[in-house]
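> Dropping the sequence and predicted coords here.
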Amino acid sequence: YVADVGLSQVLAFDVSSGKKLQEIGKKGSAPGELSSPNFVMVRAGKVYVVDTGNDRVQVFDEQGKFLQTINGSKDGKGETVFVNPRGIGVDGRGIMYVVSNINAHIFGFNDKGEQVLSFGEIGADENQFNLPNGLWVDDQGRIYITDTVNQRIAVYQN
């Protein structure tokens, strides 16, 4: 699965042959539509797409059927908590972490899409970030966050 910012789609390819298998989404802002998708992650049969241009994460099944919008509001239809979301990762408890780039926050959501945690603010001190961009969770539950302007990688243990 590859997020294509220019096409506003996610493309799925066969690893062996390189053949394109499917296209997920199309340009737009309705549920299932994408604007500048920046990151894609596949976990437990679901495709999570960071829909950066629409300030949300959208969830699809592996066949490309739209399932859910995650944006911090109760039903995914209200006001978003994200400002230019970027990287995502999931820990062993099933908490999905999302980097909100411009407002320097990290948000955590349970498998129902409900927000369960938030941390960070703009700055250079502990628990502060300046344009955080990427996020990765390792097998030991450590969360790595690239903090672009501060030129560092912040590491947290959940």
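Perfect, thanks for sending it. Residues are numbered from 1 along each chain as shown.
> for the protein, what are the low-confidence residue spans?
Scanning the chain for pLDDT under 70 picks out no residues.
> can we see that at 80?
158 (pLDDT under 80).
> in it, which spans are strands?
Along the chain, the segments classed as strands by DSSP state E run 2-4, 9-13, 20-24, 37-43, 46-51, 56-61, 66-70, 85-90, 96-100, 105-109, 115-119, 132-137, 142-147, 152-157.
> can you redo those as a markdown table with mean neighbour count and distance to Gly78?
Bear in mind the C-beta positions are built from the backbone N, C-alpha and C, glycine included. Shown next, in a markdown table, are these (neighbours: other CB atoms under 10 Å; distance: least, CB to CB, whole Å):
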| stretch | mean neighbour count | distance to Gly78 |
| --- | --- | --- |
| strand 2-4 | 16 | 25 |
| strand 9-13 | 18 | 24 |
| strand 20-24 | 14 | 24 |
| strand 37-43 | 18 | 21 |
| strand 46-51 | 24 | 16 |
| strand 56-61 | 21 | 11 |
| strand 66-70 | 18 | 10 |
| strand 85-90 | 22 | 16 |
| strand 96-100 | 24 | 16 |
| strand 105-109 | 21 | 14 |
| strand 115-119 | 13 | 12 |
| strand 132-137 | 19 | 24 |
| strand 142-147 | 18 | 26 |
| strand 152-157 | 12 | 28 |
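> Nearest to Ala30, out of these?
strand 66-70 (9.3 Å; CB to CB).
> I figured Arg43 hits Val90, correct?
Yes. Between Arg43 and Val90 there is a contact at 5.5 Å, judged by CB atoms under 8 Å.
> Give me the common contacts of these two.
Taking CB atoms under 8 Å, 6 or more residues apart in numbering as the contact criterion, no residue touches both Arg43 and Val90.
> Pipe the strands of the chain into TSV and attach distance to Ala30 per row.
Converted to TSV, the strands of the chain look like this (distance: least, CB to CB, whole Å):
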stretch	distance to Ala30
strand 2-4	18
strand 9-13	14
strand 20-24	14
strand 37-43	14
strand 46-51	11
strand 56-61	10
strand 66-70	9
strand 85-90	18
strand 96-100	21
strand 105-109	21
strand 115-119	23
strand 132-137	27
strand 142-147	31
strand 152-157	35
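> Select, out of those, the one closest to Pro31.
Proximity of the strands of the chain to Pro31 was assessed by CB to CB; the nearest stretch is strand 66-70, lying at 5.6 Å.
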